[in-house]
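Enquirer: Predicted model and sequence follow; I will ask about them next.
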Amino acid sequence: MPLSDVDLEQLEKNYFDIIDLHVRTNLTSLLTGLSSRHMIFNDWNSRFVSTARRGYNASNLDIGAERIFHNVFSSLHWTPNSAPIGSDLFFETENAFIHIDIKTALLTNRADYYGRVNVGRNQTSYPAYQGTNINFSPNLPIYYNYGTSNEKSCLTYGIQIIHENIKQNILAILLFSIPNGQLFRHYGNLIVNRGKSGFYPKGTRNVKDFRFAYYKNPNFILLQNTPFRVKFVHFDNSQNPNVQKVDLARNHQIR
């Protein structure tokens with residue numbers, strides 16, 4: 001039986017807190033792992049640069065970060081799921097299916113952060129653009145095994161890593177919870193910005209992604225005291241003291 005909107009949002013918050021605590025508990029080993037690429041920097045950097053898309057400064061953490069988080073989350077003992085559609089990390093628990101996507105962004109590419117994060121069809125159940133002339137079809141269900149005795153909510157999260165390509169330190173790691181599609185009636189298109197891909201194919205009104213604009217509404221709005229559904233789990237501007245949290249999250253409240 002589907003959950004009420006409040007119960008569903010509370011479930012999102014419960015797992016948000018579990019993920020937050022787990023990342024913070026393992027932060028030292030996590031940061032060590034994310035920096036491990038620098039130990040063999042000269043063996044891969046020139047090849048990485050030569051294969052990058054012309055005119056685009058790609059994050060050199062994009063693939064490697066997924067490996068590190070796979071290792072960190074293995075200690076949670078949630079059951080991994082092999083479904084071909086889903087996020088970088090996909091688990092089943094006693095009462096939910098949980099997707100966690102790992103996002104990387106360079107400090108020099110503000111379009112990839114600044115209070116928003118790109119979300120693809122395989123990473124959300126949220127029906128972005130509903131009620132507009134733009135077509136977006138999320139590939140994740142609101143509930144898995146809907147209408148059966150094993151019905152479980154689909155919960156989607158992301159971890160965003162903001163860094164500078166050459167420097168070893170990770171500037172920031174943000175955790176965010178994307179609302180389940182059932183909650184569209186409360187959040188609507190306010191939290192939706194145009195995605196990276198634009199229209200696809202060209203000449204249509206179809207899109208493959210959207211940017212979750214959490215800076216506009218960063219709270220679990222149905223819960224008492226409206227806690228944040230976005231937070232910094234790490235911030236280190238020691239190598240670039242001019243950068244402040246508000247420069248990254250676009251919202252003075254998010255901490």
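Expert: Great, that's in hand. Numbering: from 1, shown residues only.
Enquirer: Mind pulling up the pLDDT for the residue nearest to D112 when sequence neighbours are not counted?
Expert: In space, and not counting its chain neighbours, D112 is closest to A105: 3.7 Å by Cβ to Cβ, 6 or more residues apart in numbering. Quick note: C-beta positions are derived from backbone N, CA and C, even for glycine. Note on A105: pLDDT of 94.
Enquirer: I figured A105 was touching I159, is that so?
Expert: No: contact criterion Cβ atoms under 8 Å: A105 and I159 do not qualify, at 11.3 Å.
Enquirer: Run through the bridge partners of the residue nearest to D112.
Expert: When bridges are called by DSSP bridges, A105 pairs up with I162.
Enquirer: any idea how far it lies from A172?
Expert: 9 Å (Cβ to Cβ, to the nearest Å).
Enquirer: ranges for the strands of the stretch 101-250 of the chain?
Expert: Assigned by DSSP state E, counting those that start in this stretch, the stretch 101-250 of the chain shows strands spanning 117-120, 143-144, 152-163, 170-178, 192-194, 209-212, 230-235.
Enquirer: Now stretch 119-126: average pLDDT?
Expert: 98.
Enquirer: Give me the contact list for it.
Expert: Defining contact as Cβ atoms under 8 Å, 6 or more residues apart in numbering, one finds that stretch 119-126 is touched by 85-87, 99, 101, 128, 136-142, 154, 156, 158, 178-184, 195, 208-212.
Enquirer: If any of those are buried, give me the PyMOL selection for them.
Expert: One line in PyMOL is enough to select the buried members of the contacts of stretch 119-126, burial here meaning 16 or more other Cβ atoms under 10 Å:
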select buried, resi 86+87+99+101+128+136+138+140+142+154+156+158+178+179+180+181+182+183+184+195+208+209+210+211+212
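Enquirer: now, which of the contacts of stretch 119-126 lie within helices?
Expert: F184 (DSSP state H).
Enquirer: any weak-confidence spans in the stretch 1-150 of the chain?
Expert: By pLDDT under 70, the low-scoring segments of the stretch 1-150 of the chain are 52-57.
Enquirer: Which parts of this protein are helices?
Expert: Under DSSP H, the chain gives helices at 5-25, 27-35, 41-51, 64-73, 184-187, 245-249.
Enquirer: would you turn the ones you listed into a markdown table with distance to R229?
Expert: A markdown table is the format used below for the helices of the chain (distance: least, Cβ to Cβ, whole Å):
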| stretch | distance to R229 |
| --- | --- |
| helix 5-25 | 7 |
| helix 27-35 | 20 |
| helix 41-51 | 34 |
| helix 64-73 | 19 |
| helix 184-187 | 10 |
| helix 245-249 | 12 |
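Enquirer: Nearest approach to V233 belongs to which of those helices?
Expert: helix 5-25 (4.9 Å; Cβ to Cβ).
Enquirer: in the closest one, what counts as buried?
Expert: L8, E9, L11, E12, K13, Y15, F16, I19, H22, V23.
Enquirer: N165: what's it in contact with?
Expert: With Cβ under 8 Å, 6+ apart, N165 has these contacts: N57, S59, N60, L106, T108.
Enquirer: Going through these, which ones are buried?
Expert: Buried among those by 16+ other Cβ under 10 Å: S59, N60, L106.
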